[in-house]
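In: below: sequence and its predicted model.
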Amino acid sequence: MTAVARPPGGAPAPGGSQPPSARVPAPPGRHAPPPPSLPLLPRTVAGRVRTLTALIILALVALLASTWAAVGAARDGVRVIGHDAGPQVVATGDLYFHLTDMDAHLANALLIGNSRDLGVRRDQLLARYEQSRARAGTALLQASRLADDPTEEETARDLLDALGRYERYASQALLLDEQADHAAGPPPQRVLDVYRQATDLMKLDLLPKAYNLTLDNGTLVRHTYESERSAVLTGRTLVVVTGLLLLALLLVLKYYLYVRFRRVLNPGVALATLAALVLVAWSTSMLSSQAGHLRDAKRDGFDPILALSRTRAISNSANADQTRFLLDPDRADTYEQTYLSKSQSILYLQADSLPEYTEAVEAQGPSWQRAQFLGFLGDEAERDLTGGQAKAFEKVLNDFRTFQLADRRIRDLATDGDTNAAVRARLGTGPDTGIRLFAQYDASLNALVNLHRRDFDAAVRAGDDGTNGWDVVLPVSGLVILVLVTAGVRPRLAEYR
């Protein structure tokens, strides 16, 4: 058979048939342009749409799971700080205060003797003692109910037993003192012997155990705050990351459907994208607020309440040392030194003796240089106090200064040998007696505590309210986004059946 001659370049001779590869291409514009290149997705259009939809569902589940976990961490933090260990710490702090108050009123009752011409009477002091005893018992029972650890439960039982022993010593001292029927001033030695057993039991057993309860639960609050707030902030980051991933996948799906099917707007996918954007923004804002509520409850509420409650208790114990200084002359030097130590723990200024300390306190007021003192009140000075809190704190400082100056007058009288005048300066009827000035200082301190308690309660309420309804919001939002995505892609997939 004769071969067909071909012209140069391989073109077939006229009349010859052309191979398929050499056919003239179709005019442009007759077919749709190819879809965007997605090498990691399946090669068919339907497969790519299904794969993108599956990735969107996975990102949505990750977003919902991250938000759910962060909401749980926020709720746990608010529960522990605001409703569990936090109130338990406050209860044990009140217990510490009422225990010291018992001992202070007992010392005052023994010092006043049968005198009836002072600012208070023996029966009034005993009534206050009974009131403090009842409140201490109530606070101890509350702390016992809140105890959820075997060590805490054992400490609470030991406190109950020690409190019973203290009350027996106190009753015995009061009975012996009543029988002695002495004037204002130090009681007979047999009364002091029993009272020493009572006050030593208070200082060496009751108060340390009460403080241990406060310390243990305070540590729990601190650890809970650090872990749960960190979990909330980490959850917020995960929400942002998974949310951005979800939005990116939705936009990719929307663009792919636009290019492949020439649909400018896919209502289902567009609404799903909008719903996802709202959910991510709302979740992020909520978690940021919850982290702020936890910070406010811990830093601006719980911490100052705990510190100032401790300050009140130590102040009350120092107030009792002022009475003990007059009540028990043999231990006067010891009580003066413990008074100085407690005063410096409240407001620390460099001083080697009580007279030096009183002079330093006097030199500070009435315009306090807050950078120059430490202690519990020094810590309070470092806080970001509001206008009302700043004024209340200034009053606390000046009332503390006034009380310290009254203490110097009492000790000067006792040192000069005028015990009767010293007792009157301590328990008399004047407005500048030690007992009245301490009551004024304690009231100022308690008012500052209440201001912080108000902030604490407000932060806890905001934390409780901030996560309300999210058990419904998350599943409903996820279902809505899923339905919208399905509604957007299902008609397109139906074209390939």
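Out: Yep, that arrived. Numbering: from 1, shown residues only.

In: in the protein, where's the longest helix?
Out: The single longest helix within the chain, with elements called by DSSP state H, is helix 207-261.

In: and the nearest residue in space to Ala421 that is not next to it in sequence, how close does it get to Ala73?
Out: Counting by Cβ to Cβ, 6 or more residues apart in numbering, Ala421 lies nearest to Leu413, which is 4.7 Å off, once chain neighbours are set aside. Any C-beta I mention is one placed from the backbone N, CA and C, and that applies to glycine too. Leu413 sits 60 Å away from Ala73, going by Cβ to Cβ, to the nearest Å.

In: after the longest helix of the chain, next one along is what?
Out: Using DSSP states H and E, the helix or strand that follows helix 207-261 in sequence is helix 267-295.

In: any idea of the angle the very next helix or strand once past that following helix forms with helix 207-261?
Out: Reading on from helix 267-295 to the C-terminus, the next helix or strand found by DSSP H and E is helix 303-327. Using axes from the mean of the first three to the mean of the last three Cα atoms, to 10 degrees, the inter-axis angle of helix 303-327 relative to helix 207-261 is 170 degrees.

In: for helix 303-327, packing partners?
Out: Using 3 or more Cβ pairs under 8 Å, 6 or more residues apart in numbering; DSSP states H and E, the elements in contact with helix 303-327 are helix 85-112, helix 189-201, helix 207-261, helix 332-346, helix 375-381, helix 387-415, helix 419-427, helix 434-466.

In: the more surrounded of Leu413 and Ala73?
Out: The neighbour count for Leu413 versus Ala73, taken as other Cβ atoms under 10 Å, is higher for Ala73 (23 against 19).

In: tell me the SS of the more buried one?
Out: Taking DSSP: H, G, I helix; E, B strand; the rest coil as the rule, one finds Ala73 in the helix state.

In: for it, which non-adjacent residue is spatially closest?
Out: Ala231 (3.6 Å).

In: show me what contacts that neighbour?
Out: Ala69, Ala70, Ala73 (Cβ atoms under 8 Å, 6 or more residues apart in numbering).

In: let's have those residues in CSV, adding pLDDT.
Out: CSV is the format used below for the contacts of Ala231 (pLDDT from 0 to 100):
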residue, pLDDT
Ala69, 94
Ala70, 93
Ala73, 92
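
In: and of the residues you listed, the nearest to Asp330?
Out: Proximity of the contacts of Ala231 to Asp330 (Cβ to Cβ) peaks at Ala73, which lies at 57.5 Å.

In: I'd say the closest one and Arg236 touch.
Out: No. Between Ala73 and Arg236 there is no contact under Cβ atoms under 8 Å: 10.3 Å.

In: what's near enough to touch Val232?
Out: Applying Cβ under 8 Å, 6+ apart, we find Val232 in contact with Ala70, Ala73, Ala74, Gly77, Leu287, Gln290, Ala291, Leu294.

In: so where is the stretch 101-250 of the chain shaky, pLDDT-wise?
Out: In the predicted model, the stretch 101-250 of the chain carries pLDDT under 70 at residues 145-149, 216.

In: how long is stretch 422-437 end to end?
Out: 15 Å (Cα to Cα, to the nearest Å).

In: residues in contact with it?
Out: 108, 111-112, 115, 118-120, 184-185, 319, 322-323, 326, 399, 402-403, 406-407, 409-411, 413-414.

In: starting at the chain centroid, how far to that stretch?
Out: 39 Å (Cα atoms, centre = their mean, to the nearest Å).

In: what about that stretch, average pLDDT?
Out: For stretch 422-437, mean pLDDT rounds to 84.

In: give the full set of residues in contact with Leu327.
Out: Contacts of Leu327 (Cβ under 8 Å, 6+ apart): Ala107, Leu110, Leu111, Pro186, Pro187, Leu192, Tyr195.

In: once you drop chain neighbours, what's closest to it?
Out: Leu111 is the one closest to Leu327 (Cβ to Cβ, 6+ apart), at 4.8 Å.

In: neighbours around the one you found, how many?
Out: 25.

In: all further residue positions should be reported with the first residue as 13.
Out: Renumbered: residue one is now 13, and that last one reads Leu123.

In: so what's it up against?
Out: Ala196, Gly197, Pro198, Pro199, Thr335, Leu338, Leu339, Val435, Arg438, Leu439.

In: in which helix or strand would I find the second one?
Out: The reference is to Gly197. Judged by DSSP H and E, Gly197 forms part of no helix or strand.
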